[in-house]
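> Sequence and predicted structure are below.
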Amino acid sequence: MNAVNLITEQVQSLTESAIQHLPNFVAAIVLIIVTWLLSKLTRRIATKVLPGKGARRSLTLAIRKLITIGVWISGLALVTIVLFPSVKPSSLIAGLGLGSVAIGFAFKDIFENFFAGMLILFRQPFRINDHIEVDGIEGIVEDITVRDTLVRQTDGQPVIVPNSVLFKNPVTVRTDRDKRRVTVMCGVAYDEDVDSAREVIQQAVQKVDSVDTDKPVQVFAQAFGASSVDFEVTWWTGSQPVDVRKSRDAVVAQVKSALDEAGIEIPYPYRTLTFHEPLPVQQIAANS
């Protein structure tokens, strides 16, 4: 009988406790429903204010998720306070703070890439289809997400680059503008007239179709080489890598042809040999 009485008392105690806390349970359920409805409402508002289109699609989707997560965290915090009245808001905030610090250390790289991606998408230092170079990786940007960026290298292989790498290292955006300056070196023999050679080279470059004639073609005598006077030849062409290669090929061919027609020598390397002692010269008689 004692066991039966003990069980009966415990059941009565649990029943009274459940009845006593029933309003708290009901309020918690209501809060969960309200949080769910509020998250849907804020998501719809965010969708209208931040349409997920264009280059910033990943950024807008991330912002929507952050807003939804913020609503749910706030709602669940209120549910916790309602279910457990002994829990003070200050204690809950302190616990969330400590928990966020622990999570931050545990997922440092993930959060680092995430926030770097948010900043990249917001600032847009480069866009999809831009040709970039960073940390030895060069190629076309095909996709940008909040965690990583897909770069298609010039050999066709894809590289997934963490956004922290793009944020921490210098990034060269080769297609930031439609035009890009290209430079080649050209040498002429020391016997040639420098001014005449410069004029021939400049006119040859200006005849190439891929050269932008709205910008100046510059030809400067830059240095005294081992066998030639070296000219620095610069011009502007399309910014895509294939445009640069095609233009350089056409310019080199045109300059070579123009110098040949003008009779200006592009010398082979010369070597002068010096000996400490005179070398004996022996004449070999021709066979009769």
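That came through fine.
> With adjacent residues omitted, what lies nearest to K215?
W236 (4.1 Å; Cβ to Cβ, 6 or more residues apart in numbering). From N, CA and C alone the C-beta is placed, and that goes for glycine too.
> how about the helix or strand containing the one you found: buried residues?
Here W236 sits within strand 229-238, counting by DSSP states H and E. Within strand 229-238, the residues scored as buried using 16 or more other Cβ atoms under 10 Å are 229-231, 233, 235-238.
> Look at the residue nearest to K215 and report its pLDDT.
Note for W236: predicted pLDDT of 96.
> pLDDT below threshold where in the chain?
By pLDDT under 70, the low-scoring segments of the chain are 1-22, 24, 50-62, 82-108, 284-288.
> one more time with 50
In the predicted model of the chain, residues 106, 288 satisfy pLDDT under 50.
> The residue nearest in space to the middle of it: what's it in contact with?
The residue lying closest to the centre of the chain (Cα atoms, centre = their mean) is L166, at 4.6 Å. By Cβ atoms under 8 Å, 6 or more residues apart in numbering, the contact set of L166 is 116, 120, 134, 149.
> Which of those residues ranks first by neighbour count?
For the contacts of L166, the largest number of neighbours (other Cβ atoms under 10 Å) sits with T149, at 27 neighbours.
> Distance of that one relative to V200?
Distance from T149 to V200, counting by Cβ to Cβ, to the nearest Å: 46 Å.
> Widest-spaced pair of the contacts of L166?
A116 and V134 (12.5 Å; Cβ to Cβ).
> picking that back up, name the strands paired with the strand holding W236 and say parallel or antiparallel.
Using DSSP bridges, strand 229-238 pairs in its sheet with strand 179-188 (antiparallel), strand 218-224 (antiparallel).
> how about the strands of this structure, start to end?
For the chain, the strands defined by DSSP state E occupy 131-134, 137-144, 148-153, 158-162, 172-173, 179-188, 218-224, 229-238.
> where do the helices sit along the stretch 1-150 of the chain?
Ranges of helices within the stretch 1-150 of the chain are 2-49, 57-83, 89-106, 108-123, based on DSSP state H, counting those that start in this stretch.
> For F126, which non-adjacent residue is spatially closest?
Leaving aside its sequence neighbours, F126 sits nearest to V173 (Cβ to Cβ, 6+ apart; 4.8 Å).
> what about the one you found, how many residues close to it?
16.
> Kindly provide the distance from it to E133.
Distance of V173 to E133, given as Cβ to Cβ: 8 Å.
> same thing with D209?
Distance of D209 to E133, computed by Cβ to Cβ: 27 Å.
> Mind checking which of those two has more residues around it?
Using other Cβ under 10 Å as the criterion, D209 and E133 rank with E133 on top: 14 against 10.
> In contact with the closest residue in space to the more buried one that isn't next to it in sequence: list those residues for me.
The shortest distance from E133 to any non-neighbouring residue, by Cβ to Cβ, 6+ apart, is to T172 (4.3 Å). Counting by Cβ under 8 Å, 6+ apart, T172 touches 132-134.
> repeat that for 10 Å
Residues in contact with T172 (Cβ atoms under 10 Å, 6 or more residues apart in numbering) are 126, 131-134, 138.
> got the residues you listed as JSON lines, with distance to L37 columns?
As requested, the contacts of T172 are exported to JSON lines (distance: Cβ to Cβ, whole Å):
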{"residue": "F126", "distance to L37": "40"}
{"residue": "H131", "distance to L37": "47"}
{"residue": "I132", "distance to L37": "44"}
{"residue": "E133", "distance to L37": "49"}
{"residue": "V134", "distance to L37": "44"}
{"residue": "E138", "distance to L37": "49"}
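> roughly how far apart are the residue nearest to D178 when sequence neighbours are not counted and F220?
Closest residue to D178 apart from its sequence neighbours, by Cβ to Cβ, 6+ apart: S239 at 5.9 Å. Using Cβ to Cβ, one gets 23 Å for the distance from S239 to F220.
> D135 too?
Counting by Cβ to Cβ, the gap from D135 to F220 is 33 Å.
> what's the answer for Y270, then?
Applying Cβ to Cβ, the value for Y270 to F220 is 23 Å.
> now swap in G75 and tell me
Distance from G75 to F220, counting by Cβ to Cβ: 69 Å.
> Between those two, which is the more surrounded one?
With neighbours defined as other Cβ under 10 Å, G75 and F220 compare such that G75 has more, 18 against 11.
> Fine by me, we can end here.
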